[in-house]
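Novice: need coordinates for the following:
(one chain, ligands or ions: 4)
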Amino acid sequence: MAGAAIVVGAVGVFPAARSEQRIADHDFIGADRCRTCHVEAYQAWERSAHSRAFQTLSPKDQKDPRCLSCHTMVPADLGAGLLGVQCESCHGAGRYYSVEWVMRDDELRAQLAFDAGTTTSCLRCHTDSSPNLSAFVLDEKLRLIQHWPDRPAKAKP
Ligand code: HEC
Ligand code: HEC
Ligand code: HEC
Ligand code: HEC
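Specialist: Numbers count the residues shown, from 1 in each chain. Ligands and ions are numbered 1, 2, ... in the order given. Presented below is the predicted three-dimensional model:
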């Protein structure tokens, strides 16, 4: 069974899963794979500027490493469906956590590179040097990429 093989692999490489080395070796699986279980989030992302961040660049700039660092997910792999700012740019490389039973396990998925989505990560790319016409006001920008249900104003105790 394919699922079982993935699980064995995930446990086997567990200690290295979050190191720089593993990321460089492609633990990114691409938004199409996330879509299979997260259709609504995918559709919201597809409408957002992030999904087009690579196409935005001119053909020349699409080869410029200085631009790719923020405008695509895996600068070393411009072939497969990894272009633009994808789910895994913010949620972490998904190869190991995207198995359903891992996704349902808060602790395990966090150990397998999963990031539930932190707003501080925005500032990694939305820096003072990005060509923005207006300041980066977090609440406004979050609304523009919203792919989660509205939260109640106060968290439950
Ligand atoms: C096989 C189905 C499946 C795939 C593929 C999958 N997920 Fe999930 N994901 C789930 C399930 C199920 C949950 C819900 C866990 C829960 O509610 O306890 C979840 C939860 C999440 C959450 C919300 C966590 C929270 O606690 O609110 C995020 C973010 C997420 N997944 C991102 C991704 C990303 C990014 C990918 C692709 C790299 C991906 N998922 C691939 C099934 C999947
Ligand atoms: C530090 C991260 C970062 C780097 C490096 C970077 N960009 Fe960007 N770029 C952004 C962000 C973030 C935005 C969105 C800014 C906004 O609209 O608020 C953006 C927006 C753009 C836009 C406007 C897109 C649109 O639809 O209006 C263009 C064009 C662009 N960048 C080209 C480039 C080029 C060319 C390079 C390389 C010389 C580059 N960028 C390097 C982060 C970066
Ligand atoms: C630019 C960063 C970014 C990108 C790209 C992104 N997300 Fe998120 N995502 C977040 C943040 C931040 C949150 C948490 C928002 C909150 O809880 O207020 C989140 C929340 C979620 C949730 C939780 C929803 C819930 O019910 O709580 C899911 C599921 C999710 N993202 C899936 C995806 C998928 C699938 C993609 C790609 C198709 C994606 N995300 C792309 C930043 C991102
Ligand atoms: C990996 C780099 C990266 C990260 C992380 C990132 N962005 Fe972006 N973002 C970009 C780039 C590049 C663009 C420009 C895309 C284009 O127009 O082609 C952009 C564009 C946008 C836009 C549309 C332009 C604008 O400013 O109105 C919004 C909104 C946005 N990002 C919100 C966010 C939020 C909120 C977060 C954090 C949860 C975030 N981004 C994290 C790279 C990033």
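Novice: gap between Gly117 and Cys90?
Specialist: From Gly117 over to Cys90 the distance is 6 Å, taken as C-beta to C-beta, to the nearest Å. For glycine as for every other residue, the C-beta is placed from the backbone atoms N, C-alpha and C.
Novice: between the two, which has more neighbouring residues?
Specialist: Remark: of Gly117 and Cys90, Cys90 carries more neighbours, 20 against 13, as counted by other C-beta atoms under 10 Å.
Novice: where in the chain is pLDDT low?
Specialist: Low-confidence segments of the chain, defined by pLDDT under 70: 1-25, 80, 130-133, 152-157.
Novice: show me which residues of it are close to ligand 4?
Specialist: Contact residues, the chain versus ligand 4 (C-beta under 6 Å from any ligand atom): 49-50, 52-53, 56, 70-71, 85, 89-90, 119, 121-122, 124-126, 132, 141-142, 144-145.
Novice: out of those residues, which touch ligand 3?
Specialist: Near ligand 3, taking C-beta under 6 Å from any ligand atom as the test, the members of these found are His50, Val85, Ser89, Cys90, Thr119, Ile145.
Novice: may I see the ChimeraX selection of the buried members of the residues you listed?
Specialist: The ChimeraX command for the buried members of those (criterion: 16 or more other C-beta atoms under 10 Å) is given here:
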select :50,85,89,90,145
